[in-house]
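Novice: Starting from these lines, generate the structure:
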Amino acid sequence: MGQAHANQVWVPNPWYHSPPQRDPRTLEPIKLRLLACTIPQPLPHGATARTYPALSPQSPAIRIISRSFPWTLDINGPATCAAVFEGLYDMLQKPIADSEWGTICEESRCRTIMKAAKARTGTTDVDELKRIDWLGDMTAFKGLEKDSEFERKRLLPGTAPCPETWVVKWEAIMGK
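Specialist: Model (predicted):
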């Protein structure tokens, strides 16, 4: 089993997050507070921040879950920093399905999603909800952490566990 950098917490690094960053809802430039540098300086010969392993030692697969949304992201193949960020981005750009919307009975959750969609689109008439809207204003990647108890509760019965399952953490974008 691999171990994360920074004592079981995997966080953004300045080489992958080169400014200016953009708010994923509005694509407006934002200021990003870097939490820690997880990539050694200097990089090993031939390595780039995008191709650097997300875990040390390298893992062939990683599963990402969240307390903030119901989806699971499985990354098979080299679990690189780029694969983690691109996988999360692609997953959150998908439209919210009718079945997902139907599971939301809580009025405050619906309001949060609609408010985020309106902020993302810059309009009051939203045609399509995206998974990123599910996060409300908590759209800044804060890092990954291990939580075996949550992992066990969150695993769908009949699904094979992944030894490298991590919980993604989000925070509100600074300055918003």
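
Novice: isn't D147 right up against R154?
Specialist: No: look at D147 against R154 with Cβ atoms under 8 Å: they stay out of range, at 9.0 Å. Glycine gets a C-beta too; all of them are placed from N, C-alpha and C.

Novice: distance of F150 from T112?
Specialist: Using Cβ to Cβ, to the nearest Å, we find F150 at a distance of 21 Å from T112.

Novice: Could you do K130 as well?
Specialist: Taken as Cβ to Cβ, the spacing of K130 relative to T112 amounts to 14 Å.

Novice: Below-threshold pLDDT in this structure: ranges please.
Specialist: Judged by pLDDT under 70, the chain has its weakly predicted residues at 1-49, 175-176.

Novice: Now do stretch 139-154: distance from first to last residue.
Specialist: Start-to-end span of stretch 139-154 (Cα to Cα, to the nearest Å) is 21 Å.

Novice: List the buried residues in that stretch.
Specialist: T139, A140, F141, K142, G143, L144, E145, K146, E151, R154 (16 or more other Cβ atoms under 10 Å).

Novice: C-alpha coordinates for stretch 140-148, PDB please?
Specialist: Output of stretch 140-148 as PDB, limited to C-alpha atoms (Å, rounded to 0.1, in the frame of the first residue of the first chain):
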ATOM      1  CA  ALA A 140     -11.400  24.700  -4.300                       C
ATOM      2  CA  PHE A 141      -9.400  21.400  -4.100                       C
ATOM      3  CA  LYS A 142      -8.000  21.200  -0.500                       C
ATOM      4  CA  GLY A 143      -6.400  17.800  -0.700                       C
ATOM      5  CA  LEU A 144      -6.900  14.100  -0.200                       C
ATOM      6  CA  GLU A 145      -6.900  12.300   3.100                       C
ATOM      7  CA  LYS A 146      -7.300   8.700   4.300                       C
ATOM      8  CA  ASP A 147     -10.400   7.800   6.300                       C
ATOM      9  CA  SER A 148     -10.900   4.000   6.600                       C
END
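
Novice: Name the single longest helix found in this structure.
Specialist: helix 107-121 (DSSP state H).

Novice: where does that one sit relative to the chain's centre, distance-wise?
Specialist: 19 Å (Cα atoms, centre = their mean, to the nearest Å).

Novice: Which strands and helices lie in contact with it?
Specialist: If you count contacts as 3 or more Cβ pairs under 8 Å, 6 or more residues apart in numbering; DSSP states H and E, helix 107-121 packs onto helix 131-134.

Novice: what does the helix it packs on rub up against?
Specialist: By Cβ atoms under 8 Å, 6 or more residues apart in numbering, the residues outside helix 131-134 that reach it are 24-25, 68-69, 71, 91-96, 113-114, 116-117, 120, 139.
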